[in-house]
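Student: model the following, please.
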Amino acid sequence: MTNQAIPAEYLAALEPIQHYLEAHRTGRAEYVRKAFHADARIISFRDGTLHSLTVEEFSARFQGEPAADEAQRRRFIASFDVVGNAATAKVVLQYPEVTFTDYMNLLQIDGVWKIANKTFSAAPKAPAQ
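Tutor: This is a model prediction of the structure:
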């Protein structure tokens, strides 16, 4: 890594991802609404069935409190790329029972960066032996 400053445009594009991570850390739905564009969709497969949630449906899963096992959870941005007014992020959420890999598409709309869509995969962890 170089000693050069991170460009302001890059930091601005990263802000919705930081809000998203804060939503998971705190359990507060308002961070979800800050992170996502109102028309965004959260899409995944579960038990072979396609699931598609609105931002409001997704944010309803955040109950305002951190998860009971929050101290055991780890989250990080595995990759992040910005070109013009579009960006993509790969975010990994490692929880005691499952690892989620999130793929975010972001857009700068009217000067504000938002997550436009999220797809993800969930991989259950094998029980410890």
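Student: give me the pLDDT value at the residue nearest the centre of the chain.
Tutor: In the chain, the residue lying closest to the centroid (C-alpha atoms, centre = their mean) is Tyr20, at 4.7 Å. Tyr20 carries a pLDDT score of 98 in this model.
Student: count of neighbours near the nearest residue to it once chain neighbours are set aside?
Tutor: Spatial nearest neighbour of Tyr20, chain neighbours left out: Ala35 (4.2 Å); criterion: C-beta to C-beta, 6 or more residues apart in numbering. For the C-beta atoms, the positions are set from N, CA and C on the backbone; glycine is no exception. A count of nearby residues for Ala35, using other C-beta atoms under 10 Å, gives 25.
Student: ok but the residue nearest to the centre of the chain is inside a strand, no?
Tutor: No. Counting by DSSP: H, G, I helix; E, B strand; the rest coil, Tyr20 is not found in a strand; it is helix.
Student: that one contacts Met104, doesn't it?
Tutor: Yes. Between Tyr20 and Met104 there is a contact at 7.5 Å, judged by C-beta atoms under 8 Å.
Student: mutual contacts of these two, please.
Tutor: Residues touching both Tyr20 and Met104 (C-beta atoms under 8 Å, 6 or more residues apart in numbering): Val91, Ile115.
Student: how about the contacts made by Pro66?
Tutor: Going by C-beta under 8 Å, 6+ apart, the list of residues near Pro66 reads Arg25, Thr26, Gly27.
Student: from those, which would you call buried?
Tutor: Buried by 16 or more other C-beta atoms under 10 Å: Thr26, Gly27, out of the contacts of Pro66.
Student: quick one, what contacts the residue nearest to Leu50 when sequence neighbours are not counted?
Tutor: Once flanking residues are discounted, Leu50 sits nearest to Ile43: 7.1 Å by C-beta to C-beta, 6+ apart. Counting by C-beta under 8 Å, 6+ apart, Ile43 makes contact with Leu50, His51, Ser52, Leu53, Asn117, Lys118, Thr119, Phe120.
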